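Asker: this one's structure only:
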Ligand SMILES: [Zn+2]
């Protein structure tokens, strides 16, 4: 926070504050906005005068659903996505390159593949990966993060053989002779991840601080971690250490239910949303993903008459988790993509009274395929839907393949949700997004306003929203859902977290929105990012 006064003039400010949507000047005192309005009403310049030169200003973005540690680590791994990897052959070349530089026992890791985007239109196997790295373990994560492929060396180290049974809630893929193919689904992934080397707290904290700077360049001033753990490193400690190394974002952690269920009692200080790093909720999963055909759907996946996806929680688990959330006065946050997964939550918790007063008690993450009835019920109950329009933009091949064109157009019915009165946020879910720059908010905004995939495919024109609404869903609505105090709009007494754009997002071809870049990012009135030309 800057202990000073500054006056910003000549801005084209979109405030995300419905009571005063537009402004051109603002006074910032000790990190907070003390006055905002039209320049002719500005009585005098106070403190330093900063000329915004007619550029578009927005509140800083809040990514309500993100996996920062995975995203930070992904930058040190092979990006198995276009434009780098377009085929299994490309993947083999990329692994070979890393293999040649690798040392003994080192794991080679990659992220982001989507078989729908690969030339061969199939999931790679251990035998593909073996060609590139016969004697070092390889672990490649699918874009959804629910599925991984490992090579023979990794299977050997993990002790996975023909005889290994499928773990509860997981599947080890096998060929016709029963031999594991290297493809590990849902909980079966843990058989490999539990033996992979763990980075030190200091290393991870440094990566997070570095990621924080990168996210500032995208205008993201508040973040969330939807896969926070209590061990081996407690994420609260990890993020607090990252702050010491320079992480600036206001950050909300959502702890995995499997970690919290043993010891569900949190200290008031840990859940205090006034702290830069705090715990906001408990996270659990009620299904998998659309792109991995593991979302728990009402109509089977295309061409697989019996495949309704996977249910990954139970009424009992949901009930136990909701009690823990209420006890700690934090949110219950449930991943649910398919209609059946969403309805399980709504039915199980239908009589549960909201326990929070400063925002939704219950969040449903993704909400790809809610029924009309589910949308209505969520509106009545004040349940938030945290969606990712970037999914249908980036993963269109999988959506078409698994759902067909018509059903794809009905996914993420954001307009219908808003019309019904549901609290909705846009977010990235990076890096669980098959896009080379998955955290870029402008990609998600473009998808929500054009309802067109990256390849031009129609993803449902009836569900389009306008640019202002999309920005609100990434700012004001994201604040209401994450409950980070005094951010998300530019209004008196709010933190002066705002961004200056190179191009005016309100005055351009909608198709070009993903090319908008941020020239400056301010937090608490302090310039924390400036683009160098
Ligand atoms: Zn996620």
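Answerer: Looks like it arrived, so ask away. What you see is a predicted model, and the numbers here were worked out from it, not measured in a lab.

Asker: drop to CA atoms for contacts and neighbour counts, all remaining ones
Answerer: OK.

Asker: got the contact list for the most centrally placed residue in the chain?
Answerer: With distances taken as CA atoms, centre = their mean, residue 429 lies nearest the centre of the chain, 1.8 Å away. By CA atoms under 8 Å, 6 or more residues apart in numbering, the residues touching residue 429 are 65, 66, 67, 388, 438, 439.

Asker: Out of the residues you listed, which is nearest to residue 42?
Answerer: Nearest to residue 42 out of those is residue 439 (CA to CA; 36.6 Å).

Asker: Quickly find the element holding the closest one.
Answerer: Per DSSP states H and E: residue 439 is located in neither a helix nor a strand.

Asker: Looks like it contacts residue 428 (just checking).
Answerer: Yes. In this structure, residue 439 is within contact of residue 428 by CA atoms under 8 Å, at 5.5 Å.

Asker: Can you report how many residues lie near residue 240?
Answerer: 17 (other CA atoms under 10 Å).

Asker: Tell me the spacing between it and residue 354.
Answerer: In this view, residue 240 and residue 354 are 30 Å apart by CA to CA, to the nearest Å.

Asker: swap in residue 441?
Answerer: 30 Å.

Asker: again with residue 267
Answerer: Distance from residue 267 to residue 354, by CA to CA: 21 Å.

Asker: So for those two, which sits in the more crowded spot?
Answerer: Remark: of residue 267 and residue 354, residue 354 carries more neighbours, 16 against 9, as counted by other CA under 10 Å.

Asker: In three-state terms, how would the more buried one be classified?
Answerer: coil (DSSP: H, G, I helix; E, B strand; the rest coil).

Asker: The nearest residue to it once chain neighbours are set aside - how many residues pack around it?
Answerer: Closest residue in space to residue 354, ignoring its immediate chain neighbours: residue 361 at 5.6 Å, by CA to CA, 6 or more residues apart in numbering. Residues within reach of residue 361, counting by other CA under 10 Å, total 24.

Asker: My read is that residue 152 contacts residue 130, right?
Answerer: Yes. Between residue 152 and residue 130 there is a contact at 6.5 Å, judged by CA under 8 Å.

Asker: Compare the two (neighbour count), which wins?
Answerer: Per other CA under 10 Å, whichever of residue 152 and residue 130 has more neighbours is residue 152, with 25 against 21.

Asker: Not counting its neighbours along the chain, what's nearest that one?
Answerer: In space, residue 152 comes closest to residue 126 once its chain neighbours are excluded; the distance is 5.6 Å by CA to CA, 6+ apart.

Asker: ok so, going back, mind checking how far the residue nearest to residue 354 is from residue 193?
Answerer: 32 Å.

Asker: So what's the gap between the longest helix along the chain and the chain middle?
Answerer: Taking DSSP state H as the criterion, the chain has its longest helix at helix 201-217. Remark: helix 201-217 is offset 16 Å from the chain centroid, using CA atoms, centre = their mean, to the nearest Å.

Asker: and for the following helix or strand past it, what are the contacting residues?
Answerer: Going down the chain from helix 201-217, the next helix or strand is strand 220-228, by DSSP H and E. Here strand 220-228 makes contact (CA under 8 Å, 6+ apart) with 60-69, 215, 234-235, 248-256, 283, 497, 523.

Asker: just stretch 361-370 next, same as before
Answerer: Counting by CA under 8 Å, 6+ apart, 65, 297, 330-339, 342-343, 354-355, 382-388, 410-413, 481 sit against stretch 361-370.

Asker: Among those residues, which are located in helices?
Answerer: Going by DSSP H, the helices hold 339, 342, 343, 481 from these.

Asker: Tally up the residues packed near the third one, please.
Answerer: Number of residues near residue 343 (other CA under 10 Å) recorded here: 19.

Asker: thinking it is in contact with residue 373, fair?
Answerer: No. Counting by CA under 8 Å, residue 343 stays clear of residue 373, with 9.3 Å between them.

Asker: Which residues are in contact with residue 309?
Answerer: Residues in contact with residue 309, defined by CA under 8 Å, 6+ apart, are 287, 288, 293, 294, 295, 296, 297, 300, 301.

Asker: And residue 71, by the same measure?
Answerer: Neighbour list for residue 71: 211, 430, 431 [criterion: CA under 8 Å, 6+ apart].

Asker: Filter those residues down to the buried ones.
Answerer: Neighbour-count burial (16 or more other CA atoms under 10 Å) applied to the contacts of residue 71 gives 211, 430, 431.

Asker: Tell me the one of the residues you listed nearest residue 146?
Answerer: Of the buried ones among the contacts of residue 71, the one sitting nearest to residue 146 (CA to CA) turns out to be residue 431, at 12.1 Å.

Asker: mind checking the SS state of the closest one?
Answerer: Taking three-state DSSP as the rule, one finds residue 431 in the coil state.

Asker: what about it, distance to residue 312?
Answerer: 21 Å.

Asker: ditto for residue 364
Answerer: Separation of residue 364 from residue 312 (CA to CA) stands at 15 Å.

Asker: Looking at the two, which is more packed in?
Answerer: Neighbours were counted for residue 364 and for residue 312 using other CA under 10 Å; residue 364 has more, 27 against 22.

Asker: so that one is in which element?
Answerer: Per DSSP H and E: residue 364 is located in strand 362-366.

Asker: relative to strand 220-228, how tilted is that strand?
Answerer: Taking axes from the mean of the first three to the mean of the last three CA atoms, to 10 degrees, one finds that strand 362-366 is oriented at 90 degrees with respect to strand 220-228.

Asker: just for this protein, where's the confidence low?
Answerer: 1-3, 533 (pLDDT under 70).

Asker: go again using 50 as the cut-off
Answerer: 1-2 (pLDDT under 50).

Asker: measure the residue nearest to the centre of the chain to residue 231 for me?
Answerer: Per CA to CA, residue 429 is found 22 Å from residue 231.

Asker: And for residue 254?
Answerer: 14 Å.

Asker: do the same with residue 245
Answerer: Counting by CA to CA, the gap from residue 245 to residue 231 is 21 Å.

Asker: now residue 258
Answerer: Distance, residue 258 to residue 231, using CA to CA: 11 Å.

Asker: The two: which is more packed in?
Answerer: Ranked by neighbour count (other CA under 10 Å), residue 258 and residue 231 place residue 258 first, with 16 against 8.

Asker: quick one: secondary structure of the more buried one?
Answerer: Judged by three-state DSSP, the three-state class of residue 258 is helix.

Asker: Identify the residues contacting it.
Answerer: So residue 258 contacts residue 284 (CA under 8 Å, 6+ apart).

Asker: try it again with 10 Å
Answerer: 229, 230, 264, 282, 283, 284, 317, 321 (CA atoms under 10 Å, 6 or more residues apart in numbering).

Asker: didn't residue 289 look like it was pressed against residue 301?
Answerer: No. Residue 289 is beyond contact range of residue 301, at 11.5 Å (criterion: CA atoms under 10 Å).

Asker: Report the set of residues contacting both of the two.
Answerer: Joint contacts of residue 289 and residue 301 (CA under 10 Å, 6+ apart) are 295, 309.

Asker: I'd like to know how far residue 458 sits from residue 477.
Answerer: Residue 458 is 26 Å from residue 477, by CA to CA.

Asker: about what we covered before: who touches both of residue 439 and residue 428?
Answerer: 63, 66, 67, 390.

Asker: Residue 187: which of those is nearest?
Answerer: residue 67 (18.3 Å).

Asker: Give me the phi and psi for the closest one.
Answerer: Per-residue torsions, residue 67: phi -130, psi 80 (degrees, to the nearest 10).
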